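Novice: Structure of the sequence below:
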Amino acid sequence: MSEKRASQRKGGGTSVALADARDALDVENFEPTGDIEETDNGRQIVISRELPQAPQVVWGYLADAARISRWFGHCHTMDNPSHMTMVSEDIESSYDVTIAESMPPHYLHLDVNDHQGHDLKLRFYLAEENGQTYLEFHHSVEGVEDQLGLIAPKWELILDRLEIALDGGNINDVRLANYSSQIEHYSGAATLR
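Specialist: Sure thing, here's the model as predicted:
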């Protein structure tokens, strides 16, 4: 179970604006940090991050539209704070987001429409360890199996930008092109059953 794995995770460290934007954009430093895994919720892209901030701080960057805008792109709430529209020109993506379930600051389940005919299920699991956060991101692969080589590197970028924003760095120090080496990893993982 994801929460159990997250709470059992050991280690930690500081990211220092994502290790100075992965040592000045050396492609070898952009190795995948996730994989395709079987979970209680079916097959998922699972990507993890160890963040030096407390879960309450990280939570604010996941659930508050103004703070989401610092790392994702444009984000604004609709008439209800649990409904948001998120747009990132860098990754050419636009999403209508509904908070389906929320247990601050440990679990966030989002229902997302990507405007390309996909209804996505995204989950964030946060566990505290020594004042830091172990974050696990899950993205259901149902209906998008043939696109994982494109989708998963985008989420790696987005989570790296979250980490950079939490550190107060410049999110534009990393771009989607830096993640092209991950396409093969995730495309190959998608074919494993």
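Novice: Regarding the residue of the chain most remote from its centre, what is its secondary structure?
Specialist: For the chain, the largest distance from the centre (CA atoms, centre = their mean) belongs to residue 79, which lies 25.1 Å off. Judged by DSSP: H, G, I helix; E, B strand; the rest coil, the three-state class of residue 79 is coil.
Novice: and the helix or strand hosting residue 187, what does it pack onto?
Specialist: Residue 187 belongs to helix 183-191 when assigned by DSSP states H and E. For helix 183-191, the packing partners by 3 or more CB pairs under 8 Å, 6 or more residues apart in numbering; DSSP states H and E come out as strand 34-39, helix 148-166. In this view, the C-beta of every residue, glycine as well, is placed from N, C-alpha and C.
Novice: Tell me the buried residues in that helix?
Specialist: The neighbour-count check on helix 183-191 (16 or more other CB atoms under 10 Å) flags 185-187, 189-190 as buried.
Novice: quick check, nearest of those to residue 135?
Specialist: residue 186 (18.8 Å; CB to CB).
Novice: That closest one against residue 153, yeah?
Specialist: Yes. Under the criterion of CB atoms under 8 Å, residue 186 makes contact with residue 153 at 6.7 Å.
Novice: Give me the common contacts of those two.
Specialist: Common neighbours of residue 186 and residue 153 (criterion: CB atoms under 8 Å, 6 or more residues apart in numbering): residue 32.
Novice: What ranges does the chain have for its helices?
Specialist: For the chain, the helices defined by DSSP state H cover 2-8, 16-25, 55-63, 65-68, 148-166, 183-191.
Novice: Flag the shaky bits of the protein, pLDDT-wise.
Specialist: 1-29, 78, 90-92, 190-193 (pLDDT under 70).
Novice: The spatially most central residue of it and residue 117, how far apart?
Specialist: Nearest to the geometric centre of the chain sits residue 159, at 4.1 Å (CA atoms, centre = their mean). Going from residue 159 to residue 117 by CB to CB, to the nearest Å gives 24 Å.
Novice: so what's the closest residue to residue 51 other than its chain neighbours bridging to?
Specialist: Excluding its sequence neighbours, the residue lying closest to residue 51 (CB to CB, 6 or more residues apart in numbering) is residue 133, at 4.4 Å. As for beta bridges, residue 133 partners with residue 51, residue 128 under DSSP bridges.
Novice: is it true that residue 133 touches residue 60?
Specialist: No. The pair residue 133 and residue 60 fails to qualify as a contact (CB under 8 Å) at a distance of 11.5 Å.
Novice: These two: which has the busier surroundings?
Specialist: Set residue 133 next to residue 60 and count neighbours by other CB atoms under 10 Å: residue 133 wins out with 24 against 16.
Novice: what sits against that one?
Specialist: 50-55, 57-58, 126-127.
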